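In: Structure of the sequence below:
(2 chains)
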Amino acid sequence: MSDGNEQSAADPDLIDELLAGKHRALARVITKIENRSPGYRELVSRLHEHTGNAQVIGITGSPGAGKSTLVDKMANAYREQGLTVGVIAIDPSSPFTGGAVLGDRIRMASNVGDMDVFFRSMSARGSLGGLSTATTDAVKALDAFGKDRIIVETVGAGQNEVDIVRTADTVAVLVPPSSGDDVQMLKAGILEIGDLFLVNKADLDGANRTVMELQEMVRMREDSPRFDPGHHGASAAPDAANNGADGGEDDWEPPVLEAVAKTGEGVEGFLDTLDSHHEWLERTGKLDQLARERYAEEIRALLREDVNRLVGEELRNRGGIESYVDSVLARETDPYAVADELLAPLAECVEERREE
Amino acid sequence: MSADGEQEQRTIRCLVAKVGLDGHDRGAHVIARAFRDAGFEVIYSGLHKSPDEIVQAAVQEDVDVLGISILSGAHNTLVPKILDGLREYDAYEDTLVIVGGIVPEDDRATLKEAGVAEIFGPGATMDETIEFVRANVRERE
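Out: Okay, here's the model as predicted:
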């Protein structure tokens, strides 16, 4: 059987099965997305028209903040409302062996045997990069499958994670009670993407202080005139008289909530706030704007990857990068000239086609 | 290297599962770490899981290997339940099911007949187990 035949014979069934609600097909599609198996792009293409119905929620926070426990309680609460749930939990993998132990599943105790909670662990797979692409595509698979709520859970450290949570409509940042140093750390990157903050383990000492510190930081962020909130956040600084999260007409000031995920305390209020954020997104047209920005970014990312691959092939055809490096080292040519030389035929080709 | 971004990156995924009323998870932890060090992605179930939970996890995570650790002696009831569950979701065909723990000689044949690929008792080495997984993991289309 040739490669091409195999793909076109097998994959249409897989998508049909996924759309028909077969769990195994959904699981297999996500595997193909993760592995970047031959034909995975076609799969994701076909999924697209069936997406756009799920609410996507990103949960991030430092290790030990209680993300998995919270996600478990969230899934349980959504199920009680009659909603179906998809969860993607991302764990870092070992950079040395590529192996990983994905332990988030252990906490999913409230949803035992309930197949309408589809929980999938993904590892960051070290050097691969492109994890945000894989996450976006996996979210599409869950969305097309018909999940009402999709939760993306990830450790909040580094650009990779920030990119991942950008696939979500609403981003919640989980913060454990602490001496304040952790909150300081949050300033770098995570604070900007939070649509709401949840101080978990609020029964522990120091929770009040953490709440206050977060509130202060949120206010500073909102008041900063130079700050560009990007995807998530208000487009203008709120009026001083108009500072409530729900009271403002057009602005969303990220609320700081408290919860004890382990006992379920505060989880309901948290979910209500998620819902009101989503309502706000819809009311203000920000939801559409978010989708537009996401698709634009997705197209750009794919283009970067594809062009990169194209150039890589061209480089291999011409004998690989080493011979160019040799010439550069020998001062026969320079990196700019090499780049120009390699790209010239591509640029010419594109120009010719454009004029047609 | 970056130019190879589109190439398939197959990683062996395993579920290491503790099933039933058996609190001895030392062996499961050791094998989970050994699998990880071998470059596998390991999902650990945690203790006291029911066969249904194991099936749910194996199906959703689309694992290549399901390693069931049982030291309670209840393998004859629990393992067939898991195998039936996998079949129900069309997941049995491409999941390699192995059992670790204490299984009396007489029960081994029964379990293998039911669909377990191999049983690793006391004395089996990590290398042996990892080699077996690498050699027998099911091909997927």
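
In: Contact partners for A:Gly99?
Out: Residues in contact with A:Gly99, defined by CB atoms under 8 Å, 6 or more residues apart in numbering or on different chains, are A:93, B:35-42. The C-beta positions use only the backbone N, C-alpha and C, and glycine is treated the same way.

In: Show me what counts as buried in stretch B:115-127.
Out: Within stretch B:115-127, the residues that qualify as buried are B:115-120, counting by 16 or more other CB atoms under 10 Å in any protein chain shown.

In: How far away from the center of its chain is whatever helix or strand B:Asp106 lives in?
Out: If you go by DSSP states H and E, B:Asp106 is part of helix B:105-114. Between the centre of helix B:105-114 and the centre of its host chain there is 16 Å, according to CA atoms, centre = their mean, to the nearest Å.

In: What pairs with the following helix or strand past that helix, parallel or antiparallel?
Out: Of the helices and strands lying after helix B:105-114 in sequence (DSSP H and E), the nearest is strand B:118-120. Paired strands of strand B:118-120, with direction, are strand B:96-101 (parallel) (DSSP bridges).

In: Need the residues that contact the strand it pairs with.
Out: Contact with strand B:96-101 is made by B:27-28, B:31, B:64-71, B:75, B:79, B:82-83, B:86, B:111, B:115-121, B:124, B:129, B:132-133, B:136-138, as judged by CB under 8 Å, 6+ apart.

In: Pull out the buried residues from the residues you listed.
Out: For those, a burial check counting by 16+ other CB under 10 Å picks out B:27-28, B:31, B:64-71, B:75, B:79, B:82-83, B:86, B:111, B:115-120, B:129, B:132-133, B:137.

In: Go through these and flag which are in helices.
Out: With DSSP state H as the criterion, helices contain B:27-28, B:31, B:75, B:79, B:82-83, B:86, B:111, B:129, B:132-133 from among these.

In: State the pair within those that is farthest apart.
Out: Largest separation among these by CB to CB: B:Gly27 and B:Leu86, giving 22.1 Å.

In: Break chain A down into its domains, please.
Out: Here the domain assignment for chain A is A:51-284, A:303-355, based on automatic domain parsing.

In: End to end on the longest one, go ahead and measure it.
Out: By CA to CA, to the nearest Å, the extent of domain A:51-284 from end to end equals 22 Å.

In: And the helices in the stretch 201-350 of chain A?
Out: For the stretch 201-350 of chain A, the helices defined by DSSP state H, counting those that start in this stretch cover A:207-223, A:267-283, A:286-317, A:321-329, A:335-355.

In: which other helices and strands contact the longest one?
Out: Which is helix A:286-317. Packing partners of helix A:286-317 (3 or more CB pairs under 8 Å, 6 or more residues apart in numbering or on different chains; DSSP states H and E): helix A:131-145, helix A:267-283, helix A:335-355.

In: residue of chain A with the smallest distance to chain B?
Out: Of all residues in chain A, A:Gly312 sits closest to chain B, at 2.1 Å by CB to the nearest CB.

In: what stretches of chain B score poorly on pLDDT?
Out: Counting by pLDDT under 70, the ranges of chain B that qualify are B:1-9, B:141.

In: circling back to that earlier point, of the buried residues of stretch B:115-127, just say which sits nearest to chain A.
Out: Proximity of those to chain A was ranked by CB to the nearest CB; the top entry is B:Gly115 with 16.8 Å.

In: Wait, that closest one touches B:Glu93, no?
Out: No. With contact defined as CB atoms under 8 Å, B:Gly115 does not reach B:Glu93; the gap is 10.2 Å.

In: What separation is there between the residue positioned nearest the centre of chain A and A:Phe145?
Out: For chain A, the residue lying nearest the average C-alpha position, counting by CA atoms, centre = their mean, turns out to be A:Ile164 (2.5 Å). Per CB to CB, to the nearest Å, A:Ile164 is found 20 Å from A:Phe145.

In: swap in A:Met122?
Out: 16 Å.

In: in the stretch 51-200 of chain A, which spans are strands?
Out: Ranges of strands within the stretch 51-200 of chain A are A:55-61, A:85-91, A:100-102, A:117-123, A:149-155, A:170-175, A:196-199, based on DSSP state E, counting those that start in this stretch.

In: JSON lines for those, including mean neighbour count, distance to chain B and mean pLDDT?
Out: Listed next are the strands of the stretch 51-200 of chain A as JSON lines, based on neighbours: other CB atoms under 10 Å in any protein chain shown; distance: least, CB to the nearest CB, whole Å; pLDDT from 0 to 100:
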{"stretch": "strand A:55-61", "mean neighbour count": "25", "distance to chain B": "18", "mean pLDDT": "91"}
{"stretch": "strand A:85-91", "mean neighbour count": "26", "distance to chain B": "9", "mean pLDDT": "91"}
{"stretch": "strand A:100-102", "mean neighbour count": "24", "distance to chain B": "5", "mean pLDDT": "78"}
{"stretch": "strand A:117-123", "mean neighbour count": "25", "distance to chain B": "5", "mean pLDDT": "90"}
{"stretch": "strand A:149-155", "mean neighbour count": "26", "distance to chain B": "14", "mean pLDDT": "90"}
{"stretch": "strand A:170-175", "mean neighbour count": "26", "distance to chain B": "21", "mean pLDDT": "90"}
{"stretch": "strand A:196-199", "mean neighbour count": "26", "distance to chain B": "24", "mean pLDDT": "91"}
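
In: Please render those as a markdown table that adds distance to A:Val338 to the earlier fields.
Out: Listed next are these as a markdown table, based on distance: least, CB to CB, whole Å:
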| stretch | distance to A:Val338 |
| --- | --- |
| strand A:55-61 | 41 |
| strand A:85-91 | 37 |
| strand A:100-102 | 38 |
| strand A:117-123 | 36 |
| strand A:149-155 | 38 |
| strand A:170-175 | 42 |
| strand A:196-199 | 49 |
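
In: Go through these and name the closest to B:Thr11.
Out: strand A:117-123 (7.8 Å).

In: same for that closest one, what does it pack against?
Out: Counting by 3+ CB pairs under 8 Å, 6+ apart, the packing neighbours recorded for strand A:117-123 are helix A:23-35, helix A:67-80, strand A:85-91, strand A:100-102, helix A:131-145, strand B:41-44, helix B:51-61.

In: now that strand and strand A:85-91, what's the angle there?
Out: Here strand A:117-123 runs at an angle of 20 degrees relative to strand A:85-91 (axes from the mean of the first three to the mean of the last three CA atoms, to 10 degrees).

In: quick one: contacts of strand A:117-123?
Out: By CB under 8 Å, 6+ apart, the surrounding residues in contact with strand A:117-123 are A:23, A:26-27, A:30, A:34, A:75, A:79, A:84-93, A:100, A:102, A:104-105, A:108, A:111, A:131, A:134-135, A:138, A:142, A:145, A:147, B:11, B:41, B:43, B:57, B:60-61.

In: same deal with stretch A:144-151?
Out: Residues contacting stretch A:144-151 (CB under 8 Å, 6+ apart): A:18-19, A:21, A:26, A:47, A:50-51, A:53-59, A:71, A:74-75, A:78, A:83-88, A:118, A:139, A:142-143.

In: Quick one: end-to-end length of that stretch, please.
Out: Across stretch A:144-151, first to last residue, CA to CA, it's 15 Å.

In: what separates that stretch from the chain centre, distance-wise?
Out: Distance, stretch centre to chain centre, for stretch A:144-151: 14 Å (CA atoms, centre = their mean).

In: Appreciated, that's everything.
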